[in-house]
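> please work out how this folds:
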Amino acid sequence: MSTAILTGQPVPGSSLEGDLRLLGFDVRVASDAGDAETLLAAVPAGRRVAIVDARFVGHPHALRLGLTDPRFPVAAIPGAVTAQAGARQELTRAVARERLAASGGCPGFTPGEQNGASATLVDSLADRVAAVLDADGVAVHRPELGTLVAAVPADPQARNEARQAVSAVDDEAVRLRTAVKSRDGFFTTHCISPYSRYLARWCARRGLTPNQVTTASLLTALIAAGCAATGTRAGFVAAGLLLLFSFVLDCTDGQLARYSLQYSTLGAWLDATFDRAKEYAYYAGLALGAARGGDDVWALALGAMVLQTCRHVVDFSFNEANHDATANTSPTAALSDKLDSVGWTVWLRRMIVLPIGERWAMIAVLTALTTPRITFYALLIGCAFAATYTTAGRVLRSLTRKAQRTPRAARALADLADSGWLAGSLARKRRGGGYGAPALAALGAALLVLGAVLGGYGSWIVFGAACLYALLSAVAVSGPLTGPLDWLVPPVLRAAEYGTVLLLAAEADVNGALPAAFGLVAAVAYHHYDTVYRIRGDAGAPPHWLVRAIGGHEGRTLLVTALAALLAATDFTVALTVLAVLVALVVLFESIRFWVSAGAPAVHDEGEPA
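Numbers count the residues shown, from 1 in each chain. Next up, the predicted model:
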């Protein structure tokens, strides 16, 4: 349980103490800064502590936003400040300084002005402590309250006005509205969120957690994949309906987290990884269902997974390269901002990039009404157009802006490249910048794919092309990735690796080769998604031993092409299966170990627009 220390004289008729208890706080009362310091010292070290002015008037949700969000070590709203266990020392020090100031222990300073803190105009201990924390360089989160009220009235008239302002705004309506993402896709905004937010509230009132809803969404999608795998029309209809319901639950878990502020590291990881698991498992279910009807669409299923994964890598790489760049402006970005000011263009542009909501709705409807082959054709065409549109726009932005990328961005791109020990030993260090890295990566990828197409299965030409690819990609990442288009390097390497596995499995032309390739690409793709979310949490890439254990992109490519040249097609299928299982086991073991550990980053990522 958390502890709230009310400071000052209680106000008759105030609901503040009851509001704090409903938020899970054990409430204690302090008459002044000295009492607050004594009570603070008595609170167990592992607890969150809040200091709240007894005169506070505001909405309960304002208190919830300011005092219970687990993502921020220190947070404050007018009249209240809180610190989690890791920031208790800073809070204790700030309260001690205010106690000394109040008792005249530091001549020449007034409360709130110790150690350079700016003076506060409101005589509130909580606000003065927040000011001291700011002056000490502590990152104090102040949530955007919007129409919610949070104030410390100085007299009865101001208290009356504040109470009237509270009565004029529906606290629950604001809470429901803000549970929905501020930026989302058309389908989700207009077809899902109008009712899923109420489902989120229903879950909150029954004590369900976002992780439980996320798990329910995964199970629903897996059942949908199983229905699709039956290959019957009834199974396809059930699969489409269940996939849509899975998406409703997928929206609900995030809305539940925002509604009740139940953010967690494990929850963010589950939400991010389960989305991909659900979609790609459904692709496999469609392929199995088609096979039952005599139609082999495994190549299309694998192609859809490759294309979708590469799209995500483009998004990740571009965002990592530019989110902290300086002088990060361009005419193309300015035009995009102007278009965003025109209402209909916003929705059109969000729809044509085929975000997860539109994509899953299309897959569900086509599954129910048509065949798996038609579903995959539509998916591939839609995703290819979306990928071309978004990538072209980002290339134009990169060419017209004069962004200066930070060492962190270059390091993130290098980590996303997923190069193994071969890349480190094949190339000498080169200077970064310019267009050399993406050109080298693209040349290596083109030679690799061309070798796979021309050489065919069983040819050493493909292995030779893989050697050239390994060398060129190693040179590409041997310098800092600070050029304007260097964010293209990771997706180009992903496309080359995944595409080669797809081509060789298709050319093997034996039963089981493409499903085995699907499993291998899925295992490697999971590793790449895991890398992304570690970087977003400022935890860095997976450990070097893991990247080296699974070969890096160039090591895996060389191994797969060598196996294709050495083995018969049936043996190649077995080898791909074994490789997929080994990669999956190693990657999942390390990933689960990391994300359930105490040192995992407190990531809350809104992810792909739903």
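> quick one: low-confidence parts of the stretch 501-610 of the chain?
The model of the stretch 501-610 of the chain has pLDDT under 70 over residues 598-610.
> the helices in it, which residues?
With helices called from DSSP state H, counting those that start in this stretch, the stretch 501-610 of the chain shows them at 513-536, 544-549, 552-566, 569-595.
> list the buried residues of the longest one.
By neighbour count on 16 or more other CB atoms under 10 Å, the buried set for helix 569-595 is 569, 572-573, 575-577, 579-580, 583-584, 586-587, 590-591, 594-595. Placement of C-beta: from N, CA and C, glycine included.
> next, the angle from that helix to helix 552-566.
Interaxial angle of helix 569-595 relative to helix 552-566 (axes from the mean of the first three to the mean of the last three CA atoms, to 10 degrees): 160 degrees.
> centre of the chain to helix 569-595, how far?
24 Å (CA atoms, centre = their mean, to the nearest Å).
> that one packs against which elements?
Identification of packing neighbours for helix 569-595 by 3 or more CB pairs under 8 Å, 6 or more residues apart in numbering; DSSP states H and E yields helix 265-292, helix 489-508, helix 513-536, helix 544-549, helix 552-566.
> for the third one, packing partners?
Helices and strands touching helix 513-536, as assessed by 3+ CB pairs under 8 Å, 6+ apart, comprise helix 265-292, helix 298-322, helix 407-417, helix 489-508, helix 569-595.
> just those helices: most buried one?
helix 489-508 (a mean of 25; mean count of other CB atoms under 10 Å).
> which SS class is the residue nearest to A496 when sequence neighbours are not counted?
Spatial nearest neighbour of A496, excluding adjacent residues (CB to CB, 6 or more residues apart in numbering): A445 at 3.6 Å. Classification of A445 by DSSP: H, G, I helix; E, B strand; the rest coil places it in helix.
> what's the nearest residue to C251 if we skip its chain neighbours?
Spatial nearest neighbour of C251, excluding adjacent residues (CB to CB, 6+ apart): S196 at 4.7 Å.
> tell me who's in contact with that neighbour.
Shown in contact with S196 (CB atoms under 8 Å, 6 or more residues apart in numbering): 248, 251-252, 255.
> and G512, what are its phi and psi?
When read as degrees, to the nearest 10, the backbone of G512 gives phi 100, psi -20.
> give the contact list for the closest residue to L546 other than its chain neighbours.
Of all residues not flanking L546 in the chain, E590 sits nearest, at 5.1 Å (CB to CB, 6+ apart). Residues in contact with E590, defined by CB under 8 Å, 6+ apart, are 542-543, 546.
> highest neighbour count among those?
Ranked by the number of neighbours (other CB atoms under 10 Å), those place P542 first, at 22 neighbours.
> ok, that residue to L588 distance?
Going from P542 to L588 by CB to CB, to the nearest Å gives 12 Å.
> cool, G294 as well?
Between G294 and L588 the distance is 34 Å, computed by CB to CB.
> quick one on the thing from earlier: indicate which one of the helices and strands packed on helix 513-536 is closest to R534.
Each of those has some distance to R534 by CB to CB; the shortest is helix 569-595, at 7.3 Å.
> what's the angle between the closest one and helix 513-536?
20 degrees.
> so helix 569-595 versus helix 489-508, what angle?
Relative orientation of helix 569-595 versus helix 489-508 (the same axes, to 10 degrees): 150 degrees.
> got any ranges where the stretch 201-350 of the chain has weak pLDDT?
Within the stretch 201-350 of the chain, the segments meeting pLDDT under 70 span 324-344.
> hmm, 80 instead?
Applying pLDDT under 80 to the stretch 201-350 of the chain flags residues 264-269, 272, 323-347, 349.
> all helices of the stretch 301-450 of the chain, in order?
Using DSSP H, counting those that start in this stretch, helices in the stretch 301-450 of the chain cover 331-340, 343-352, 356-369, 372-400, 407-417, 421-426, 436-455.
> state the pLDDT value of G456.
The model reports G456 with a pLDDT of 89.
> who touches stretch 6-21?
By CB under 8 Å, 6+ apart, the surrounding residues in contact with stretch 6-21 are 4, 27-33, 35-36, 50-57, 60, 63, 124-126, 159.
> in that stretch, which residues are buried?
Residues of stretch 6-21 classed as buried under the neighbour-count rule (16+ other CB under 10 Å) are 6-8, 11, 14, 16-17, 19-20.
> need the CA coordinates for it. CSV is fine.
What follows is stretch 6-21 as a C-alpha-only set of coordinates in CSV (Å, rounded to 0.1, in the frame of the first residue of the first chain):
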residue,chain,number,x,y,z
LEU,A,6,-1.8,15.3,4.4
THR,A,7,-0.3,18.6,5.4
GLY,A,8,-2.0,21.5,7.1
GLN,A,9,-5.4,21.7,8.8
PRO,A,10,-8.1,19.4,7.5
VAL,A,11,-11.0,21.3,5.7
PRO,A,12,-14.5,20.4,7.0
GLY,A,13,-16.6,18.7,4.3
SER,A,14,-13.6,17.8,2.2
SER,A,15,-13.7,14.4,0.4
LEU,A,16,-9.9,14.4,-0.1
GLU,A,17,-9.1,11.8,2.5
GLY,A,18,-11.7,9.4,1.1
ASP,A,19,-10.5,10.0,-2.5
LEU,A,20,-6.9,9.1,-1.4
ARG,A,21,-8.0,6.0,0.3
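> now for the host helix or strand of L39, which elements pack on it?
Using DSSP states H and E, L39 sits within helix 33-42. The criterion is 3+ CB pairs under 8 Å, 6+ apart, and the helices and strands that helix 33-42 contacts are strand 2-7, strand 25-30, strand 49-53, helix 88-102.
> looking at those, which one is packed in the most?
Comparing the helices and strands packed on helix 33-42 by mean count of other CB under 10 Å gives strand 49-53 as most buried, with a mean of 27.
> and after that one, which helix or strand comes next?
Sequence-wise, the next helix or strand downstream of strand 49-53 (DSSP H and E) is strand 57-58.
> how far does that next one sit from its chain's centre?
Put simply, strand 57-58 sits 34 Å off its chain's centre (CA atoms, centre = their mean).
> now stretch 213-231
In terms of CA atoms, centre = their mean, the gap separating the centre of stretch 213-231 from the centre of its chain is 22 Å.
> want to throw the helices and strands packed on helix 569-595 into CSV with distance to L40?
Output for those, formatted as CSV (distance: least, CB to CB, whole Å):
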stretch, distance to L40
helix 265-292, 27
helix 489-508, 48
helix 513-536, 34
helix 544-549, 43
helix 552-566, 51
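> wait, which of these is closest to Y389?
Ranking those by proximity to Y389 (CB to CB) places helix 489-508 first, at 14.9 Å.
> so which elements touch the closest one?
Counting contacts by 3+ CB pairs under 8 Å, 6+ apart, helix 489-508 packs against helix 298-322, helix 407-417, helix 436-455, helix 460-476, helix 513-536, helix 552-566, helix 569-595.
> quick one: closest of these to T273.
Closest approach to T273 among the helices and strands packed on helix 489-508 (CB to CB): helix 513-536, 6.4 Å.
> quick one: that closest one to helix 298-322, angle?
Put simply, helix 513-536 runs at 10 degrees to helix 298-322, going by the same axes, to 10 degrees.
> for helix 513-536, what is the distance to the chain centroid?
Chain-centre distance of helix 513-536: 16 Å, with CA atoms, centre = their mean.
> report the angle between the axes of it and helix 265-292?
Relative orientation of helix 513-536 versus helix 265-292 (the same axes, to 10 degrees): 160 degrees.
> A strand includes D296, no?
No - D296 sits outside any strand when classified using three-state DSSP, being coil.
> 599 is where my numbering starts, stick with that
Got it, first residue is 599 now, which makes that one D894.
> now it: phi and psi?
The phi/psi pair for D894 (degrees, to the nearest 10) reads phi -90, psi 110.
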